[in-house]
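A.B. asks: quick check, what structure comes out for this input:
(one chain, ligands or ions: 2)
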Amino acid sequence: MCNSCRNSSACSDDELELFSELDQDEQIVLQKRQDAVNNANQQRLQRLTAESPKARSILDNRWVFFQVRKSHFPSPVVVPEVLTADQCQMILDQCLQMEDAWTSDRHSAFPTHDIPLTTTPSFADVVSLLRERVIYKILCPMYGFAPHQLGFRDLFLVKYSACGQRGLAAHTDGCLLSFSILVNGPTDFSGGGTQFFVSDGSPSTLLHPHQGALIHHDSRIKHQGNDITKGERVIIVGFVDTVDTLLKDKLASNQACPNARH
Ligand SMILES: O=C(O)CCC(=O)C(=O)O
Ligand SMILES: [Fe+2]
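C.D. replies: Ligands and ions are numbered 1, 2, ... in the order given. Sure, this is the predicted structure:
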């Protein structure tokens, strides 16, 4: 289990001061090289975006994803009725029978009170449903990936309560894409909602979705779960990444922990 999937601030490329110690000739050479790289990237982007994501490799799709979002992250998107009221109620009923399944120590930075869904057998149907409905049908086409190129880095049910953990401080998630779904009703609590800080300087956006609605966004957008002041707020949170990175990270974490069972 990766314990570092929430970060305190957006990752930023280390900006090397390439030009500061160079004489004029060296600066010209470097600038030409930079222009050539930019040109090559532009041509590669044009060539790749002319093809369907289904015809491109995972690496190509990941590269396109980061190229088109180099300087601007699009705003979060809300999709209504991804889960029906009945499906939400079934999930809530199941939680009531699983008081022992709640954990609070799975995320070292920014912990939540949660139940991991991917490793809880009684939620297997919910996991398959969300993989199909959210990852394959919504996220893959929206963000330029072929079905089966994206998978869950983590999927869990979070409960905030007015007398316990009320919200979650501002952070970014350590993955490619994140989503949340409100499982109980918006009138079951006061306050709450997810607040997004899309870019420095512009006003933040507070989203209060209906029951069963999905919010999805680039994981590098800073966001927070606003404190509730009354009742309980139950959401499903998903961290999504490309399957090649998920596999690589899984192998690395198995090697780092020789006692892990397979
Ligand atoms: O509570 C929310 O709306 C946000 C949850 C979140 O960002 C997370 O679990 O990483
Ligand atoms: Fe988050």
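A.B. asks: contacts and neighbour counts: CA atoms only from here.
C.D. replies: Noted.
A.B. asks: contacting residues for the closest residue to ligand 1 within the chain?
C.D. replies: Proximity to ligand 1, evaluated over the chain using Cα to the nearest ligand atom, is greatest for Gly225 at 3.4 Å. For Gly225, the set of contacting residues under the criterion of Cα atoms under 8 Å, 6 or more residues apart in numbering consists of 167-170, 192-195.
A.B. asks: for ligand 1, what are the nearby residues on this protein?
C.D. replies: Within the chain, the positions adjacent to ligand 1 are 168, 193-194, 224-225, 237 by Cα under 6 Å from any ligand atom.
A.B. asks: which among the residues you listed count as buried?
C.D. replies: The neighbour-count test (16 or more other Cα atoms under 10 Å) applied to the residues of the chain next to ligand 1 identifies 168, 193-194, 224-225, 237 as buried.
A.B. asks: could you report the neighbour count for Pro209?
C.D. replies: Look at Pro209: counted by other Cα atoms under 10 Å, it has 20 neighbours.
A.B. asks: element containing it, please.
C.D. replies: In the assignment (DSSP states H and E), Pro209 maps to no helix and no strand.
A.B. asks: list the contacts for it?
C.D. replies: Neighbours of Pro209 in contact, by Cα under 8 Å, 6+ apart: 78, 80, 182, 186, 193, 215.
A.B. asks: excluding covalently adjacent residues, which one is nearest to the second one?
C.D. replies: Meaning Pro80. Counting by Cα to Cα, 6 or more residues apart in numbering, Pro80 lies nearest to Ala213, which is 4.3 Å off, once chain neighbours are set aside.
A.B. asks: for the one you found, give me its contacts.
C.D. replies: 78-83, 181-182.
A.B. asks: so Thr172 sits against Ala109, correct?
C.D. replies: No: Thr172 sits out of contact with Ala109 when judged by Cα atoms under 8 Å, with a separation of 10.7 Å.
A.B. asks: which one's more surrounded, these two?
C.D. replies: Set side by side, Thr172 and Ala109 show more neighbours around Thr172, with 21 against 14, by other Cα under 10 Å.
A.B. asks: secondary structure class for that one?
C.D. replies: With DSSP: H, G, I helix; E, B strand; the rest coil as the basis, the three-state label of Thr172 is strand.
A.B. asks: count the neighbours of His72 for me.
C.D. replies: A total of 12 residues lie near His72 under the criterion other Cα under 10 Å.
A.B. asks: so what's it scoring on pLDDT?
C.D. replies: At His72, the predicted lDDT confidence score is 81.
A.B. asks: check the gap between it and Arg220 for me.
C.D. replies: According to Cα to Cα, to the nearest Å, His72 and Arg220 sit 10 Å apart.
A.B. asks: with Leu182 instead?
C.D. replies: When Leu182 is compared with Arg220 (using Cα to Cα), they lie 21 Å apart.
A.B. asks: those two: which has the busier surroundings?
C.D. replies: Set side by side, Leu182 and Arg220 show more neighbours around Leu182, with 25 against 22, by other Cα under 10 Å.
A.B. asks: ok, the more buried one - contacts?
C.D. replies: By Cα under 8 Å, 6+ apart, Leu182 lies in contact with 209-214, 233-236.
A.B. asks: give me phi/psi at Phe152?
C.D. replies: Per-residue torsions, Phe152: phi -80, psi 130 (degrees, to the nearest 10).
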